[in-house]
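Asks: What shape does this take:
(chains A and B)
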Amino acid sequence: MTPLLSVQGVTKHYGRHIGCADVSFDLYPGEVMGIVGESGSGKSTLLNCMAGHLAPDSGQVVFDTRTDGPRDTVTMSEPERRMLGRTDWAFVHQHARDGLRMGVSAGGNVGERLMAVGERHYGDIRDKATDWLQRVEIDAERVDDRPTTFSGGMQQRLQIARNLVTGPRLVFMDEPTGGLDVSVQARLLDLLRGLVRDLGLSAIIVTHDLAVVRLLADRLMVMKSGRVVEAGLTDQVLDDPQHAYSQLLVSSVLQV
Amino acid sequence: MSESAYNFAYLDEQTKRMIRRAILKGLAIPGYQVPFASREMPMPYGWGTGGVQVSAAVLTPEDTFKVIDQGADDTTNAVSIRTFFERTADVETTTETSAASVIQTRHRIPEEPLTEDQILVYQVPIPEPLRFLEPRESETRKMHSLEEYGLMHVKLYEDISRHGHIATSYAYPVKVEGRYVMDPSPIPKFDNPKLGQMAAVQLFGAGREQRIYALPPYTDVVSLDFDDHPFEASKADQVCGLCGAEDSYLDEVIIDDQGGRLFCCSDTDYCTSRRAAGHQGPAFPGSEVAA
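Replies: As a prediction, the model looks like this:
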């Protein structure tokens, strides 16, 4: 089976500082990968390198495209990479404001990706937008409201709807539950888990919240100072951490 | 300094050369915004500094020049620019559309079809059609170069969702030759169909934004729309009160304190020539005033 995404030796330096160093892994279709680590451990740098937002200094990010099979997205042309970013990839930002157009209605936000890939029928676009709002548990009547009138949790769900409307195969998530209170987090996680399973999505989730990966991720990578220190099945890593840092991370979780 | 001390048409020859180069590049890539080194002109920004520079670069001593402002020859902007070129270029001026070889316009296209011997120069306040959707110039340039125009339809989508129809009635975005999306300057969308397949050369100058773009003769220009909400060139559903024209773009004018109003052609030359040919509208002196 061809991996959907194959990352090989991805390295990114910020001047003399290491962003992430020599990261390699394969992600297979339908799999959810979690990346955990403390702040500054290079998780977001790695995610941005994979999603094409940052150019890595060295390494390959090979994506199994629908038309041409496996292609290195680092060396492919910018129009092609941006096209992937609108179709097969989705990126969920930590702050919904970074991923939404705040001056455009919820329906317009969801419809933007459809229009970007050439949909030109207003009625169809609106129907799909309404359908997706309902799938992320937003009342269809709010389709014409701006995201500024939405709560934080709703904005995050709207961002997810906007990303999934074109049927991507790979979703990058950067701390999708950060900044939300625990009950809203739980609801969002529930929703995400349902969507990932129903649509058979592959996903890479960056987070510092171990509960999030426990619920969502099949596999887990632990990062420290830009390097992967431990990788394996989620339950295995969390229940029996081998590396000293993973042990510290797992034992730092507060018990209520 | 006397006016004769100025070079022909105010700008020095090197500057005109620079502007002509930008114009030629614009004509070679229809709809593409060419940056140019816009000069300070002796008038404030927003009064047509871009249009004036383009006109100065294309004028020759044999030209006949016409200026219109919202279709009218006799408003402040039109009068001052016309006088400016009368004094600095000593060219003949006219108010007659068919007699002019260069027409500088603010926000209208003349009703009378233009010919291959004419140049139409537009004054443009904001050349970037994506500006209010994406404020970063670096990003909009990338969107133009990669032909990513989905965002333009988001604006039209928002219009329909809020008003039930496409409410954008001026500066309506167009696609040129299937490639660049262009802001046609704030002309009413009634004028949009005239942009395409026009015989005259169309030049667009934005002074403050330092951009020139152009449409060569007989270029394909399509107004953006949705399949189920097609583009419609709309105008007030009236006839001209003065000349009775049914096919021209109309201004609504309040004529008294009782709320009386008059619809009349915004193109004054068109209206005048029709009246001279004996046409009369319902509000023409002598006939009954429409309330």
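Asks: Name the residues of stretch B:84-99 that are buried.
Replies: Neighbour-count burial for stretch B:84-99, with 16 or more other C-beta atoms under 10 Å in any protein chain shown as criterion, is recorded at B:84, B:85, B:88, B:89, B:91, B:92, B:93, B:94, B:95, B:97. C-beta coordinates here come from the backbone N, C-alpha and C atoms, glycine included.
Asks: Go back to these and keep what's next to chain A.
Replies: Checked against chain A using C-beta under 8 Å from any C-beta of the partner chain, the buried residues of stretch B:84-99 yield no neighbours at all.
Asks: So which of these sit within strands?
Replies: B:92, B:93 (DSSP state E).
Asks: Kindly reformat the buried residues of stretch B:84-99 as TSV containing pLDDT.
Replies: Putting these into TSV (pLDDT from 0 to 100) gives the following:
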residue	pLDDT
B:84	94
B:85	94
B:88	92
B:89	92
B:91	94
B:92	95
B:93	95
B:94	95
B:95	94
B:97	95
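Asks: Give the closest residue to the residue of the stretch 1-150 of chain A found nearest chain B in space, chain neighbours not counted.
Replies: Going by C-beta to the nearest C-beta, chain B is nearest to residue A:116 of the stretch 1-150 of chain A, at 3.0 Å. Using C-beta to C-beta, 6 or more residues apart in numbering or on different chains and skipping residues adjacent in sequence, the residue nearest residue A:116 is residue B:150, 3.0 Å away.
Asks: List the contacts of that neighbour.
Replies: For residue B:150, the contact set (C-beta atoms under 8 Å, 6 or more residues apart in numbering or on different chains) comprises A:86, A:112, A:113, A:115, A:116, A:117, A:118.
Asks: Was I right to think the third one contacts residue A:161?
Replies: This means residue A:113. No. Between residue A:113 and residue A:161 there is no contact, the gap being 10.1 Å when judged by C-beta atoms under 8 Å.
Asks: Residue B:264 - that's part of a strand, no?
Replies: Yes. Counting by DSSP: H, G, I helix; E, B strand; the rest coil, residue B:264 is part of a strand.
Asks: Surely it and residue B:251 touch.
Replies: Yes. Assessed by C-beta under 8 Å, residue B:264 is found in contact with residue B:251 at 5.9 Å.
Asks: which of these two has more neighbours?
Replies: residue B:264 (22 against 16; other C-beta atoms under 10 Å in any protein chain shown).
Asks: how close does that one sit to residue B:283?
Replies: Remark: distance between residue B:264 and residue B:283 (C-beta to C-beta, to the nearest Å) = 8 Å.
Asks: joint contacts of the two?
Replies: B:241, B:242.
Asks: and chain B, which residues reach chain A?
Replies: Contact residues, chain B versus chain A (C-beta under 8 Å from any C-beta): B:133, B:146, B:148, B:150-151, B:153-154, B:157-158, B:160-162, B:225-229.
Asks: and if we set it to 10 Å?
Replies: Neighbours of chain A within chain B, by C-beta under 10 Å from any C-beta of the partner chain: B:132-134, B:142-143, B:145-162, B:166, B:224-229.
Asks: low-confidence ranges in the stretch 101-250 of chain A?
Replies: Of all residues in the stretch 101-250 of chain A, none has pLDDT under 70.
Asks: Tally up the residues packed near residue B:180, please.
Replies: Residue B:180 has 19 neighbours, counted by other C-beta under 10 Å.
Asks: Is it correct that it is in contact with residue B:32?
Replies: Yes. Using C-beta atoms under 10 Å, residue B:180 is in contact with residue B:32, at 5.5 Å.
Asks: anything in contact with each of those two?
Replies: B:144, B:145, B:213 (C-beta atoms under 10 Å, 6 or more residues apart in numbering or on different chains).
Asks: Go ahead and confirm the first one touches residue B:138.
Replies: No. Under the criterion of C-beta under 10 Å, residue B:144 is not in contact with residue B:138, lying 11.3 Å apart.
Asks: rewinding a little: out of the buried residues of stretch B:84-99, who's nearest residue B:109?
Replies: Nearest to residue B:109 among the buried residues of stretch B:84-99, counting by C-beta to C-beta, is residue B:97 at 10.2 Å.
Asks: filter the residues of chain B next to chain A to the buried ones?
Replies: Looks like the residues of chain B next to chain A have B:133-134, B:143, B:148-161, B:166, B:224-226, B:229 buried, using 16+ other C-beta under 10 Å.
Asks: Run through the residues that contact the residue nearest to residue A:56 when sequence neighbours are not counted.
Replies: Nearest residue to residue A:56, sequence neighbours excluded (C-beta to C-beta, 6+ apart): residue A:49, at 4.4 Å. By C-beta under 10 Å, 6+ apart, residue A:49 lies in contact with A:7, A:10-12, A:19-20, A:23, A:42, A:55-57, A:59, A:61, A:73-74.
Asks: Report how many residues lie close to the nearest residue to residue B:197 once chain neighbours are set aside.
Replies: Closest residue to residue B:197 apart from its sequence neighbours, by C-beta to C-beta, 6+ apart: residue B:218 at 5.4 Å. By other C-beta under 10 Å, 11 other residues sit near residue B:218.
Asks: Tell me where the model's unsure across chain B.
Replies: Along chain B, the parts satisfying pLDDT under 70 run over B:1-4, B:284-291.
Asks: Let's see that with 90 instead.
Replies: Residues of chain B that meet the criterion pLDDT under 90 lie in B:1-6, B:46, B:132-135, B:234-236, B:259-260, B:280-291.
Asks: In the helix ranked longest in it, which residues are buried?
Replies: The longest helix of chain B (DSSP state H) is helix B:13-28. Within helix B:13-28, the residues that count as buried by 16+ other C-beta under 10 Å are B:15, B:16, B:18, B:19, B:22, B:23, B:25, B:26, B:27.
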